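Peer 1: Below are the sequence and a predicted model for it; my questions follow.
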Amino acid sequence: WLGLIVVGFWLLIILIKWLAPPHEIEFVKSLNSAMDLLPINIPLLVTIILLTGVLAMARHGVIVRNLASVDSLGRVSVVCSDKTGTLTKNQMSIPIIWTNGSTYKVSGSGYSPEGEIILIDDPKNPVYVKHIDDFPQLKLLLISGFLNNNSALVKNEIEISGRIIPNWTVIGSPTEGALMVIFQKGMGDYILEEFEYVKEYPFDSKVKRMTKVYKKENKFYSFTKGASEILIPLCDKVLYKNQELDFTDETKDKVMRIANTFAKRGFRILSLCYKKLDIIPPEDDKSRELCESDMIYIGFVTILDPPRDGVKESVEQCHAAGVDVVMITGDSPATAKAIAKQISIVQNDEDIVVEGKNIKKIRSYFDFSKIRVFARVSPKHKQQIIERYQNADKVVAMTGDGVNDALALNMADAGIAMGIQGTDVAKEASDMVISDDSFTSIVTGIEEGRGIFSRIRAVVFFYIAINVFEGIVQFILSVILELPYFLDPAFNYQWIFLGITVHIFPGLILTFDTTSKDVMKQKPHDEEEILSKNTMILLTVFGAFLASMF
């Protein structure tokens, strides 16, 4: 539209001066007057603002891959964040083990195998597990977690204040690492040489379980772990004091109630079960179904993944800035809600928790806008969430780390991949990468994006005001009053003076201005807000004032 104004201004001058010869000189003068309207400084200064903003983001761990997404991040109104590793530390530990009839407490911290397992059925008389063979059901659970596992514990040494301290880390899944830890706490260096690996059915977000098959003494066993609400219906037997009993509906409901009591305290619940097989499962579509049906339920473990430091404050900062924060997780609704309450994502009873499978059932956006937690979510559900928000004219930032998240990251206005956990495919599909996987860095990116938007708006506002009213003054003096002002070469010194005092230094000051401390107390900016109706009114008043100074 600015180009149309310039062309119209040029044509207006031609029409006024066309009857006065020579036409060629007037044509050139009119073209010169029209060109003076163009704020040619804006493209250069906007590019500098974007580049300096990108460098500032990089210093805070936000690596921008798509320059245009910086503007989107500054206008974000909804942040859809993964829970594990972004809102939480992704440092799993197992404090409680439950088998049908017994509850165990696990001591120790982190991934260190130092610690003990304690039977706490009678809190006044705890029993320390010294000989694992005296607890056969617990032993089977530990073996199941160890065999159905692809992780490894690694011992490193770090020096702190001149002391060498062991530091244990996990190669692979942190959840599986936690299972390895409790195995070593309960069984030490126990070697399971009698088990021969046969095959694996990897974890799938659709079925929410993982299975491995082993051979022992010419017999085959499948070990499965996964979500309790998925595995319990697939079991028809349950272990109780080392006996296989019928897993009745009443008993299943009892186990689920116990699991939910832990989930409401913020623990993830991982159930473990197994099955005795007569033959090796055939290589066909029903192979997995054969291994994962009519199983024997062993028990479950509770997994603690504490929130990251500073996340609660960052979420509250988003709320103050008018940005909705939504948690997306594969955990159960009870676990997800408990964690969301700890970090202020869920603040009152009106905030809704919804499972991914029920997203399409919510018709009105009024109800959808109250959702703060999406539980049991698959990558496909992420795409549905983005679509619903975008249909309501929301600017959406979405985090992701897996291969299946690529489409959702590409759909989002600001696709954010994780630098540590993220796959190469997710990073390629994203607009930016968070180097430390922390939600706090995302909020810092939003703040920096808003600062970039404010500086761009100031530069555009200033130069349009300057150029438009310079053109108006030139039009009045040169065309209406027919004075040589601005057009005559003898007055070039005035252009030089204006260029130095008005077009150079103020623009540089606005370009390298610092971000306002109140930028995160404002509501998200609209896409058209750089030159909104109110801005145009201010532009006119400001420009008229500048024109009067000429």
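Peer 2: Right, received. Where do you want to start?

Peer 1: what about the strands in the stretch 201-350 of the chain?
Peer 2: In the stretch 201-350 of the chain, the strands defined using DSSP state E, counting those that start in this stretch lie at 209-216, 219-226, 235-240, 243-246, 268-277, 295-304, 324-328.

Peer 1: Let me have these in JSON lines, extended by mean neighbour count, mean pLDDT and distance to residue 511.
Peer 2: Every residue, glycine included, has its C-beta placed from N, CA and C. Below are the strands of the stretch 201-350 of the chain laid out as JSON lines (neighbours: other Cβ atoms under 10 Å; pLDDT from 0 to 100; distance: least, Cβ to Cβ, whole Å):
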{"stretch": "strand 209-216", "mean neighbour count": "20", "mean pLDDT": "94", "distance to residue 511": "53"}
{"stretch": "strand 219-226", "mean neighbour count": "22", "mean pLDDT": "95", "distance to residue 511": "54"}
{"stretch": "strand 235-240", "mean neighbour count": "20", "mean pLDDT": "94", "distance to residue 511": "65"}
{"stretch": "strand 243-246", "mean neighbour count": "12", "mean pLDDT": "92", "distance to residue 511": "74"}
{"stretch": "strand 268-277", "mean neighbour count": "23", "mean pLDDT": "95", "distance to residue 511": "48"}
{"stretch": "strand 295-304", "mean neighbour count": "23", "mean pLDDT": "96", "distance to residue 511": "48"}
{"stretch": "strand 324-328", "mean neighbour count": "23", "mean pLDDT": "94", "distance to residue 511": "31"}
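
Peer 1: can you list those in TSV and add distance to residue 449?
Peer 2: Below are these laid out as TSV (distance: least, Cβ to Cβ, whole Å):
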stretch	distance to residue 449
strand 209-216	39
strand 219-226	39
strand 235-240	50
strand 243-246	59
strand 268-277	33
strand 295-304	34
strand 324-328	16
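
Peer 1: who wins for proximity to residue 501 among these?
Peer 2: strand 324-328 (45.0 Å; Cβ to Cβ).

Peer 1: What strands line up against the closest one, and which way round?
Peer 2: strand 78-82 (parallel), strand 371-375 (parallel) (DSSP bridges).

Peer 1: and of those, who's closest to residue 435?
Peer 2: Of all these, strand 78-82 comes closest under Cβ to Cβ, at 15.8 Å.

Peer 1: mind listing what the helix or strand following that closest one pairs with, with the direction of each?
Peer 2: Next helix or strand after strand 78-82 toward the C-terminus (DSSP states H and E): strand 93-99. The pairing partners recorded for strand 93-99 under DSSP bridges are strand 102-106 (antiparallel), strand 295-304 (antiparallel).

Peer 1: Dump these into TSV; add distance to residue 432 as well.
Peer 2: Shown next, in TSV, are the strands paired with strand 93-99 (distance: least, Cβ to Cβ, whole Å):
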stretch	distance to residue 432
strand 102-106	39
strand 295-304	30
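
Peer 1: Residue 83 is nearest to which of these?
Peer 2: strand 295-304 (12.4 Å).

Peer 1: ranges for the strands of the stretch 51-200 of the chain?
Peer 2: Taking DSSP E, counting those that start in this stretch as the criterion, the stretch 51-200 of the chain carries its strands at 62-64, 78-82, 93-99, 102-106, 117-119, 127-128, 152-160, 163-171, 196-204.

Peer 1: got the CA coordinates for stretch 429-446 in PDB?
Peer 2: Extracted C-alpha coordinates of stretch 429-446, given in PDB (Å, rounded to 0.1, in the frame of the first residue of the first chain):
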ATOM      1  CA  ALA A 429      11.300 -29.400  10.400                       C
ATOM      2  CA  SER A 430      11.500 -26.800  13.100                       C
ATOM      3  CA  ASP A 431      11.900 -23.000  13.000                       C
ATOM      4  CA  MET A 432      14.200 -22.900  15.900                       C
ATOM      5  CA  VAL A 433      16.100 -25.200  18.300                       C
ATOM      6  CA  ILE A 434      16.400 -24.900  22.100                       C
ATOM      7  CA  SER A 435      19.900 -26.000  23.000                       C
ATOM      8  CA  ASP A 436      19.100 -26.900  26.600                       C
ATOM      9  CA  ASP A 437      15.600 -28.300  26.100                       C
ATOM     10  CA  SER A 438      14.300 -26.000  28.800                       C
ATOM     11  CA  PHE A 439      10.900 -24.200  28.800                       C
ATOM     12  CA  THR A 440      12.600 -21.200  30.400                       C
ATOM     13  CA  SER A 441      14.600 -20.700  27.200                       C
ATOM     14  CA  ILE A 442      11.400 -20.700  25.200                       C
ATOM     15  CA  VAL A 443      10.000 -17.900  27.300                       C
ATOM     16  CA  THR A 444      13.300 -16.000  26.900                       C
ATOM     17  CA  GLY A 445      12.800 -16.400  23.100                       C
ATOM     18  CA  ILE A 446       9.300 -15.000  23.300                       C
END
